[in-house]
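> Attaching a predicted model along with its sequence, questions to come.
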Amino acid sequence: MKKMDFLKAVKNQLIVSCQAAPGEPLFGSTIMSKMSLAAKEGGAVAIRANGKEDIIAIRKATGLPTIGIIKREYENSGVYITPTLTEVQELIESGTEVIALDATRRIRPNNVSLEELIAYIKKNSHCLIMGDVSTAAEGKYAIEAGCDFVSTTLSGYTPYSRQLIEADFELIKELSTDSNIIILAEGRINSPEDASKAIKFGAYSVVVGTSITRPTVVTKRFVDKMKALTIKLN
Ligand SMILES: CC(=O)N[C@H](C=O)[C@@H](O)[C@H](O)[C@H](O)COP(=O)(O)O
């Protein structure tokens, strides 16, 4: 898919992240493809997904463009979103339109650099590249290194970034002062109000996961809030 076509499809729109980890009740590509179909029927224009099998199933079920990642933990590195060439290769094989990867400056497993991962993607595929970042400086670095756009995914998940309960709107604002950076807002966007605030602050598009596709967390939010409000009533 051409960069312009992808950007046109997602501008001011909702991208839904459909992910479940092994051990979670919804884990498995059949359920994730159904989940993504439900998201499509609700108006999602693209799907963020984890793992080759899920990506293939989701693409087949929805026909929507995917942002593919592979979460894999290695010893001695905090980088787990598409950390090495192995995951990049699996994503290329999945047929995903976009590969998202950790674009922080942290040391990756096998000491591979962001630049090497990007060079490999460009040489071996037509995939677009999304850099997951946690600070504005990382956003700049990701674009300079060759990412097509950046996502605020990792704010709150690196020890040195802002640790917020809500989405990092400030980061969106900071990144938007650089006109070379296309920003996808991602991470703790928990309501339509949050999503439109992100766009107002300069996001090009919004990625929502938990509040749409993690029913365990959504249920728990209800239960906890109900408990708190009921205690007040008594
Ligand atoms: C930090 C990290 O590993 N984020 C992951 C990246 O793919 C996912 O676990 C998140 O669900 C996704 O970013 C969407 O965010 P939220 O679920 O908050 O709407």
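Ah, there it is.

> Could you use CA atoms for every contact and neighbour count after this?
Noted.

> got the residues of the chain near the ligand?
Taking Cα under 6 Å from any ligand atom as the contact definition, the chain meets the ligand at 17, 153, 154, 157, 186, 187, 188, 189, 208, 209, 210.

> what two of those are the furthest from one another?
17 and 157 (17.1 Å; Cα to Cα).

> who has more neighbours, these two?
Shown here are residue 17 and residue 157; by other Cα atoms under 10 Å, residue 17 has more neighbours (28 against 15).

> returning to what we had before: now intersect the residues of the chain next to the ligand with the strands, please.
Among the residues of the chain next to the ligand, the ones falling in strands (DSSP state E) are 17, 186, 208.

> quick one: which of those residues is nearest to the ligand?
Distances from the ligand to these, taken as Cα to the nearest ligand atom, are shortest for residue 208 (4.1 Å).

> what about the closest one, neighbour count?
By other Cα under 10 Å, 24 other residues sit near residue 208.

> Tell me how far it lies from residue 128.
Using Cα to Cα, to the nearest Å, residue 208 is found at 20 Å from residue 128.

> Tell me where this protein has strands.
Using DSSP E, the strands of the chain run over residues 14-18, 46-50, 66-69, 98-102, 128-132, 149-151, 183-186, 205-208.

> Switch those strands over to JSON lines; also include mean pLDDT and distance to residue 141.
Output for the strands of the chain, formatted as JSON lines (pLDDT from 0 to 100; distance: least, Cα to Cα, whole Å):
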{"stretch": "strand 14-18", "mean pLDDT": "99", "distance to residue 141": "24"}
{"stretch": "strand 46-50", "mean pLDDT": "98", "distance to residue 141": "23"}
{"stretch": "strand 66-69", "mean pLDDT": "98", "distance to residue 141": "20"}
{"stretch": "strand 98-102", "mean pLDDT": "98", "distance to residue 141": "12"}
{"stretch": "strand 128-132", "mean pLDDT": "98", "distance to residue 141": "9"}
{"stretch": "strand 149-151", "mean pLDDT": "98", "distance to residue 141": "10"}
{"stretch": "strand 183-186", "mean pLDDT": "98", "distance to residue 141": "13"}
{"stretch": "strand 205-208", "mean pLDDT": "98", "distance to residue 141": "20"}
